[in-house]
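S.K.: got a sequence here, can you build the structure:
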Amino acid sequence: MIRVVIVDDQELMRVGFRMVLGAQSDLDVVGEAGDGAQAVRMADELRPDVVLMDVRMPVLDGVEATKRIVAAGTARVLVMTTFDLDEYVYAALQGGASGFLLKDTQPDHLVAALRSVAAGDAVVSPSVTRRLLDRFVGAGGSPVRDAGELEVLTDREREVLVLIAKGLSNLEIAEALFLSEATVKTHVGRILAKLDLRDRVQAVVLAYETGLARPGLD
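M.R.: Predicted coordinates:
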């Protein structure tokens with residue numbers, strides 16, 4: 001069973017999410033919270049697999065709650081937002097969220113996303129994620145992190161990271177670079193290990209912040 005905590009300051013939203021998740025045989029809603037402070041306490045007490053986190057809440061917002069939960073290692077966090085170009089979501093990704101979805105996403109997409117995050121994967125919507133990063137990363141045109149962090153990568157690994165940042169799947173990267181999918185998976189694993197990154201979301205953010213991927217460029 002995948003244990004989930006739902007965090008949203010609107011009770012109606014929590015009820016809706018609980019109904020969707022409760023219909024799945026492998027998902028168990030073990031708790032609900034109405035603000036970020038409650039979410040942090042509940043994650044510590046219940047140790048769920050995934051926290052489904054709203055970002056705009058009273059007392060403690062979802063960004064700070066995400067940072068605390070991820071830092072404590074108590075759960076993985078999937079962020080929910082009303083609109084995609086939300087600076088709170090970008091901050092949550094920086095803080096360690098494993099991805100984000102819009103609140104009006106289809107129920108089957110929400111369920112699939114929770115399963116992916118629980119399995120250790122990241123939820124990266126290429127078009128939405130790139131628009132978000134285009135908006136908030138390096139808006140002045142200058143990298144916000146030292147590109148020297150990438151010096152540990154081989155040329156091939158840098159190529160793969162650029163394509164990850166564009167939102168390509170392993171299969172699509174394999175086709176673009178004329179490699180096998182297994183080889184790409186190996187490269188992705190090495191990139192994450194060398195850069196001490198948890199998942200593809202963090203890799204995308206780092207690629208933008210170091211200037212390896214440039215806002216608005218394909």
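S.K.: any idea how far the spatially most distant residue from the centre of the chain lies from residue 159?
M.R.: Ranked by distance from the centre of the chain (CA atoms, centre = their mean), the top residue is residue 178, with 27.8 Å. For residue 178, the distance to residue 159 (CB to CB, to the nearest Å) stands at 11 Å. Every C-beta, even on glycine, is put in place using the N, C-alpha and C of the backbone.
S.K.: sorry, back to before: backbone torsions only: list them for the residue farthest from the centre of the chain.
M.R.: phi 60, psi 50 (degrees, to the nearest 10).
S.K.: next SSE after the lowest-mean-pLDDT helix or strand in the chain?
M.R.: Lowest mean confidence among the helices and strands of the chain (mean pLDDT, DSSP states H and E): helix 126-136, at a mean of 63. Note on helix 126-136: by DSSP states H and E, the next helix or strand toward the C-terminus is helix 155-165.
S.K.: let me see the ranges of the strands in this structure.
M.R.: 2-7, 27-33, 50-54, 76-81, 100-102 (DSSP state E).
S.K.: would you turn the ones you listed into TSV with mean pLDDT, distance to residue 208 and mean neighbour count?
M.R.: TSV is the format used below for the strands of the chain (pLDDT from 0 to 100; distance: least, CB to CB, whole Å; neighbours: other CB atoms under 10 Å):
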stretch	mean pLDDT	distance to residue 208	mean neighbour count
strand 2-7	97	27	24
strand 27-33	96	31	18
strand 50-54	95	22	28
strand 76-81	90	17	25
strand 100-102	83	15	22
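S.K.: how about a markdown table for those strands, with distance to residue 21 added?
M.R.: What follows is the strands of the chain, written out as a markdown table (distance: least, CB to CB, whole Å):
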| stretch | distance to residue 21 |
| --- | --- |
| strand 2-7 | 6 |
| strand 27-33 | 5 |
| strand 50-54 | 8 |
| strand 76-81 | 12 |
| strand 100-102 | 13 |
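S.K.: pick out the residue closest to the middle of this protein.
M.R.: Per CA atoms, centre = their mean, the C-alpha nearest to the average position across the chain is that of residue 99, at 1.9 Å.
S.K.: in the chain, what spans have low per-residue confidence?
M.R.: Low-confidence segments of the chain, defined by pLDDT under 70: 84-86, 124-144, 215-218.
S.K.: show me what contacts residue 27?
M.R.: 1-2, 4, 21, 111, 114 (CB atoms under 8 Å, 6 or more residues apart in numbering).
S.K.: rerun at 7 Å
M.R.: 2, 4, 21, 111, 114 (CB atoms under 7 Å, 6 or more residues apart in numbering).
S.K.: quick one: residues in contact with the longest helix along the chain.
M.R.: If you go by DSSP state H, the chain has its longest helix at helix 181-194. Under the criterion CB under 7 Å, 6+ apart, residues 152-153, 156-157, 160-161, 164, 170-171, 173-174, 203 lie in contact with helix 181-194.
S.K.: make TSV from those and add distance to residue 46 and neighbour count to it.
M.R.: Converted to TSV, the contacts of helix 181-194 look like this (distance: CB to CB, whole Å; neighbours: other CB atoms under 10 Å):
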residue	distance to residue 46	neighbour count
152	37	13
153	38	18
156	42	14
157	38	17
160	37	27
161	35	27
164	32	26
170	33	20
171	36	11
173	37	23
174	39	20
203	29	22
